[in-house]
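Colleague: next come a sequence and a model predicted from it.
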Amino acid sequence: MSEQTDPPVQNLGDALGRSMNYLRLSVTDRCNLRCSYCQSNAVHEYIPHEKILHYEEMLRLVRIVQPLGIEKVRLTGGEPFVRKGCDNFLWMLRQNFPSLDIRITSNGTLLEEHVGLLKRIEVGAVNLSIDSFDNETFAAVTGRHLLPRVLTSMDKLLAEKIPVKINAVALRGITEREIDNFLAVATMYDVDVRFIEFMPMGSDTLWNASRFCPVSELLALISQRVTLRPSNECARTGGPARMFSIVGKKGRIGVISPLSNHFCHTCNRLRLTSEGSLRLCLFDDQEYALRPLLRDPAVSDQEIASYLRRLTQQKPLGYDLLRARKGTAVARRVMSGIGG
Ligand code: SAM
């Protein structure tokens, strides 16, 4: 009898030759901040608790997708640490998946007490959303006077030598005025400071052209002050940020420009909303409910894996959706419901 070999596992890829190795896992849609760019005029309803994926279900999903090529998992939200048990989930992720690149995106307000754990699980990096280093401006943008707590978390992460990436949404009239503060952080510390273009997310989005600041303008302002040198980080990681080192300084500057200079052709990511729906593209409202499958004892891991492989084939080009949008918003959900 001829020896039987298992067929090779087919990774998660699409018709455009993109392969997915990165999963963004939204653990909650709830957040303790009220950032202006993350709100919309539409009535906002939180996902009811019973519809939120259990941590065990998320672990099972990671167990299914890791052999399909997912190497990096980012916890996001809402604010991940608003959800009870997030610490234990991180710990379980590390226990179950020793080689997984685990990351987290946080507003930093609740992070300080978890830094020890992040160190123990060897988190790959922490992305901190900080839109301003001025107390009053921070409060005006986020609705809360919590900048000091964020800065304490940042200091603690840096003291533990955990890589930090600071994300700031580029807002007209705010970010340009603060360019020196951002630059001071990027020159003093070994961190990435990345400016993200304001995206028109959510029905009745508060986005409008007068609040939009193209990141090219911020780069021009920075280049008047320091010498930037393009780095090949983006090509290496397939990430959306164009990164620059600052000659003679510790940190780096980056820009993420979905509107003015898109990066869809290298997109390597899948998103899972906290209610357990797969989103193939940030800008595409089509979602695929995995929760019923995960909760059906008759559905096997193999069946879910095959379904995911089929779905991934259909991943759209987000930029086409952005260009073709009718009205202002590109998607019905705001970012806190998707996870950024
Ligand atoms: N609470 C966490 C945080 O603050 O980072 C994670 C969730 S938050 C939705 C993820 C990222 O989305 C943040 O960096 C935030 O600044 C960004 N974001 C939210 N709405 C945005 C928008 N309309 N345009 C661009 N970035 C946005």
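Modeller: Yes, it's here.
Colleague: going forward, measure contacts between C-alpha atoms and count neighbours the same way
Modeller: Will do.
Colleague: which residues sit against stretch 308-318?
Modeller: The contact list for stretch 308-318 (Cα atoms under 8 Å, 6 or more residues apart in numbering) reads 10-15, 264-265, 280-284.
Colleague: and for stretch 64-73?
Modeller: By Cα under 8 Å, 6+ apart, stretch 64-73 touches 9-12, 20-25, 99-103, 301-302, 304-305.
Colleague: just the buried residues of those.
Modeller: By neighbour count, with 16 or more other Cα atoms under 10 Å, these hold 11-12, 20-25, 100-103, 301, 304-305 as buried.
Colleague: filtering these by proximity to the ligand, which remain?
Modeller: By Cα under 6 Å from any ligand atom, no member of the buried ones among the contacts of stretch 64-73 lies near the ligand.
Colleague: lowest pLDDT pick from those?
Modeller: pLDDT is lowest at Asn11 among these; the value there is 94.
Colleague: list the contacts for that one?
Modeller: Ser19, Met20, Pro67, Leu68, Gly69, Arg309 are the contacts of Asn11 under Cα under 8 Å, 6+ apart.
Colleague: how close does it sit to the ligand?
Modeller: 27 Å (Cα to the nearest ligand atom, to the nearest Å).
Colleague: likewise Val141?
Modeller: Distance, Val141 to the ligand, by Cα to the nearest ligand atom: 11 Å.
Colleague: so that residue, which of the three states?
Modeller: Assigned with DSSP: H, G, I helix; E, B strand; the rest coil, Val141 falls in the helix class.
Colleague: tell me the pLDDT at it?
Modeller: Looking at Val141, its pLDDT is 97.
Colleague: same question for the one 5 residues further on.
Modeller: Leu146 carries a pLDDT value of 98.
Colleague: which residues does it contact?
Modeller: Applying Cα under 8 Å, 6+ apart, one finds that Leu146 lies in contact with Thr109, Asn135, Phe138, Ala139.
Colleague: repeat that for Cys86.
Modeller: Cys86 neighbours (Cα under 8 Å, 6+ apart): Pro80.
Colleague: how far away is it from Tyr288?
Modeller: As for Cys86, its distance to Tyr288 is 24 Å (criterion: Cα to Cα, to the nearest Å).
Colleague: sounds good, over and out.
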